[in-house]
Each structure stands twice: as structure tokens, then as C-alpha cells.
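Visitor: requesting a structural model of the entry that follows:
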Amino acid sequence: DLDRHLALQQASYCYARAVDISQNDREARFRRADVNRQLQNYGKAMKDLLKLLGDTPHDSVVLRQIAQVCVESNRIDQAKSLYEETIAFHKSTANTAENAFPWSDINVYVELFGHGEEYEEGIATLKSMSRWLLGRQDETYWDDVVEDDREWDADDEPRRDEVADYVPGRYPLESYGDGLPLELRVRLGIYRIHLGREHRNEAFGHFEWLEPDDEEPEAKLFEYSDLFLEAGNALKDTKEYEEALRYYEPIKRHNLCSETSFWLAIAASSYVCGKKEQAIYCYEQAKVSDPDCVDARTQLSKLYKDFSDRDRALENSQEAIQIAQKAIASTGRRKYERKEQREEREAAERAYRAAKKMPIVKFGPHHSRPVLDFNKAQLQWQLQGASSLIEAGSSTIAFLTGPRKPRKQPLSVVERERSRTAHVQSLYSTLQS
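Guide: So this is what the prediction gives:
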């Protein structure tokens with residue numbers, strides 16, 4: 001907003017004065033770069049950061065800030081090049097890999113490939129870099145195993161033993177499956193799921209390491225809720241809505257995220273999976289989180305229409321149109337309306353026209369407007385191992401994750417595909433309309 005923008009400009013001026021007084025004031029220069037990044041003055045931010053990197057080559061803190069600037073300014077290749085120079089330097093020194101280039105830096109570097117949608121290259125880089133940090137850099141034969149990630153299975157059997165060059169016991173078992181940090185394993189799953197449906201079981205197996213069905217106090221959920229969110233988002237983005245809910249719902253049950261984007265994502269997934277009351281509850285929470293959220297109101301209008309609640313359908317669509325029009329007015333003439341704004345406004349207008357066509361129901365003394373069972377929707381958050389949590393590709397997942405807590409007997413992959421494909425496609429089309 002305007003106040004924040006003015007505060008950032010004032011901060012930029014103050015740090016600039018500090019740098020003018022002392023050109024060697026690294027902290028002031030670094031903070032000025034961060035402020036300029038937030039102001040979207042990316043050229044100025046990069047100038048300061050490259051100066052800092054020139055003074056202290058391979059500084060990981062500076063590199064991470066450069067990566068953030070490059071992602072926001074769509075200069076991914078520049079960030080990757082700087083990281084590659086740093087990696088080459090550390091590999092040429094006698095320092096141990098983990099001391100020279102920690103796991104957190106590998107995570108930042110590998111994430112750059114995702115921003116460029118270079119998923120295959122990202123997977124290959126993640127594996128080779130992780131192998132290096134675990135002291136197995138000479139096992140280059142793994143570079144030829146590209147169809148799956150058996151190198152990182154929990155146990156040698158059955159898949160890792162099938163690789164001819166693999167010698168069990170040459171390196172500790174902990175330098176394989178258990179040696180890969182969860183952050184990178186989830187990243188591996190995200191890249192796999194984006195490669196297509198033929199990679200879905202491999203991706204599911206990686207995500208399973210988060211143990212989403214575990215509700216105990218020491219469950220991974222409470223330490224890695226951000227990874228649950230990333231996994232859920234990747235699954236939703238690739239239309240694996242049922243699996244996405246396995247990672248979204250634990251976050252909600254324990255109130256670990258309240259961002260509008262989360263509410264919209266779990267609401268959309270709930271709708272496609274037939275949990276309409278749950279979807280309404282989540283879209284209503286999105287309205288609370290962001291009072292100007294047009295999408296939440298538009299979707300609510302459609303949902304209330306499904307429940308024959310004309311009043312709420314009209315109310316939400318009218319509010320959506322008003323907010324959309326207000327956003328246009330605040331940015332200038334109608335012709336300068338951004339594409340995203342136009343699409344939101346048009347969707348709201350379609351929802352309003354659909355609500356207007358609903359029959360007007362006059363309720364008598366013995367009838368009232370539809371009542372939605374929000375208690376039922378809330379209860380769904382509390383249920384563990386709900387029947388909708390279907391496990392796919394269980395044999396492959398078991399290879400990746402090792403023994404886990406018993407799960408309900410799943411449907412076969414063929415049975416699940418037959419029962420849900422047409423239904424999901426229909427609901428998804430409705431959601432997008």
C-alpha cells in the first residue's frame with residue numbers, strides 16, 4: 001500500500017546516505033539492496049549485490065538474495081550462472097562439501113530450475129549435488145537412471161539392488177534414502193509430478209515421507225507445514241485434487257496457515273472432490289482473510305446456487321462485481337484494466353447472471369432458506385483416514401518410503417481412475433467457468 005511504499009522509499013534514502021558516508025558499509029549496502037528489491041528497483045538491487053559478491057566471492061547470503069532478485073525479475077539464468085561458479089570453486093577446494101556448500105544453498109539453487117520449468121534438469125542437478133554432499137560423488141552411474149529415483153529409496157531392496165553398478169555396503173545406507181533432507185525430497189516430488197502422469201507414483205512416494213496421516217504430537221506436520229503446503233499446491237496444480245487434500249487438510253485441522261491463497265486452494269480441491277460444504281467453509285474463510293477477494297465470492301455464488309440459496313448466490317456475486325469494479329476505478333480508465341482483473345470481473349458477472357435466473361422461492365411459516373451443515377464440514381477436518389484419502393501406486397510408494405503405519409485398503413489404480421476421471425473433469429470445468 002501507499003504507506004508501505006513511502007516507508008520503503010525513506011529507508012532506501014537512509015541506507016543510501018550510509019553507503020555514501022562509508023563505501024565499505026556492507027550491511028547498509030545489503031539492506032539497501034533488499035529495500036530496492038521490495039520497491040522492484042531490481043537493477044539497483046543487483047548493482048549493490050554484485051558489488052558485495054565481488055568483494056567477498058561465493059558469499060552464500062549474498063547469493064541467496066541475488067537468487068530472489070533474479071526470480072522476481074525473471075533473470076533465472078544469471079542466478080544459476082553465479083551458483084555454478086560458486087559450486088565449481090568449492091568442488092576444486094579441499095573443503096568438505098557440506099561445510100563449503102550447505103544443504104540450504106542446494107535447495108535455493110535447485111529451486112531455480114523449477115522457476116524456469118526445467119524439471120528434468122532440476123532433478124538431475126538435485127541428485128548430483130546431494131550425492132556430492134553425502135560423499136558419493138564418484139557414483140556417477142546414477143546419472144543414467146532417469147526414469148525413477150530409486151537411488152533415494154529407503155532400502156536397497158527391491159529397486160536399488162537391480163542397478164548393476166550398485167555395490168551394497170560400499171557407502172553407509174544413511175547416505176542414500178535417509179540422507180536426503182525432506183526439503184529436497186519434496187522438491188524432487190514436485191518436479192516429478194510436473195513431468196506428467198507417468199511420474200505420479202514416484203512423486204506420491206516422495207511426498208509420503210511427510211507422513212500426512214500422522215496426527216501424533218511429534219508428527220512431521222508441525223515442523224514441516226510449509227512442505228505440506230508445497231506438496232499440496234503441486235498436486236492441485238497438476239489436478240491431483242484428492243491427493244492434494246491429504247496435505248491441505250492437516251494444515252487446516254491444526255490452524256497452521258491462514259493465507260488467502262491457501263483457503264482458495266483447499267476450497268477448489270474440496271469442490272472438485274465433491275466436498276461442497278467444505279468448499280463453502282473454505283471460501284468463506286478466504287473472504288475473512290482478504291475482504292477484497294473477488295474469486296472467493298464468485299465461487300461462493302456458484303456453490304450457493306448449487307444449494308438453491310438464491311439470496312447468498314446473488315449477494316456474493318454482487319459483492320464480487322463491486323470489488324472488481326472498484327479495483328478498475330482505482331487504477332484508471334476501463335481500457336487499462338489488467339487481464340487478471342478483467343477475467344475476475346467477467347467471471348463474477350457470469351455468476352451474477354446465473355444467480356438472477358434462479359427461481360424466487362417464497363418461504364412460508366413452515367419453510368426457511370436452505371441451511372448448510374457447516375458442523376459437518378468442520379467435522380471433516382477432524383476425521384483421520386477418511387474414505388476419500390485414497391492411496392495410489394502403493395507398491396511403488398512402499399519402495400520409496402519403507403514401512404509406514406497401516407492404511408485402509410485402497411482401490412486399485414484402474415478402479416480409481418474409472419470412478420473419478422469423468423466426475424473430476426466435469427467439476428473442474430464448472431470451477432473454471
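Visitor: which of the helices or strands spans residue 28?
Guide: Assigned by DSSP states H and E, residue 28 belongs to helix 26-38.
Visitor: for that helix, which residues meet the burial criterion?
Guide: Judged by neighbour count (16 or more other C-beta atoms under 10 Å), helix 26-38 contains these buried residues: 26, 28, 29, 30, 31, 32, 33, 34, 35, 36, 37. To be clear about C-beta, it is placed using only N, CA and C from the backbone, and glycine gets the same treatment.
Visitor: any idea how far residue 261 lies from residue 268?
Guide: Counting by C-beta to C-beta, to the nearest Å, the separation of residue 261 from residue 268 is 11 Å.
Visitor: these two: who's more crowded?
Guide: Per other C-beta atoms under 10 Å, whichever of residue 261 and residue 268 has more neighbours is residue 268, with 22 against 14.
Visitor: which residues touch the helix holding residue 28?
Guide: Helix 26-38 has contacts (C-beta atoms under 8 Å, 6 or more residues apart in numbering) with 8, 11-12, 15-16, 18-19, 22, 42, 44-46, 48-49, 51-52, 55, 61-62, 65, 68-69, 72.
Visitor: model confidence over it, on average?
Guide: For helix 26-38, mean pLDDT is 95.
Visitor: if we can go back for a sec, just the contacts of helix 26-38: which are in helices?
Guide: Among the contacts of helix 26-38, DSSP state H puts 8, 11-12, 15-16, 18-19, 42, 44-46, 48-49, 51-52, 55, 61-62, 65, 68-69, 72 in helices.
Visitor: among these, name the buried ones.
Guide: If we count by 16+ other C-beta under 10 Å, the ones in helices among the contacts of helix 26-38 have these buried: 8, 11-12, 15-16, 19, 42, 44-46, 48-49, 52, 62, 65, 68-69.
Visitor: which intervals of the stretch 151-300 of the chain have sub-threshold pLDDT?
Guide: Residue ranges of the stretch 151-300 of the chain with pLDDT under 70: none are present.
Visitor: hey, where'd the helices end up in it?
Guide: With DSSP state H, counting those that start in this stretch as the criterion, the stretch 151-300 of the chain has helices at 182-193, 200-208, 225-237, 241-253, 260-272, 276-289, 294-306.
Visitor: just want the angle from the fourth one to helix 225-237.
Guide: In other words, helix 241-253. Helix 241-253 runs at 150 degrees relative to helix 225-237, counting by axes from the mean of the first three to the mean of the last three C-alpha atoms, to 10 degrees.
Visitor: which secondary structure elements does helix 241-253 contact?
Guide: helix 200-208, helix 225-237, helix 260-272, helix 374-382 (3 or more C-beta pairs under 8 Å, 6 or more residues apart in numbering; DSSP states H and E).
Visitor: phi, psi of the nearest residue to residue 171 once chain neighbours are set aside?
Guide: Residue nearest to residue 171 in three dimensions, not counting chain neighbours: residue 136, with 5.3 Å by C-beta to C-beta, 6 or more residues apart in numbering. Backbone dihedrals for residue 136, given as degrees, to the nearest 10, come out at phi -120, psi 30.
Visitor: same check on residue 224?
Guide: Main-chain dihedrals, residue 224, degrees, to the nearest 10: phi -120, psi 40.
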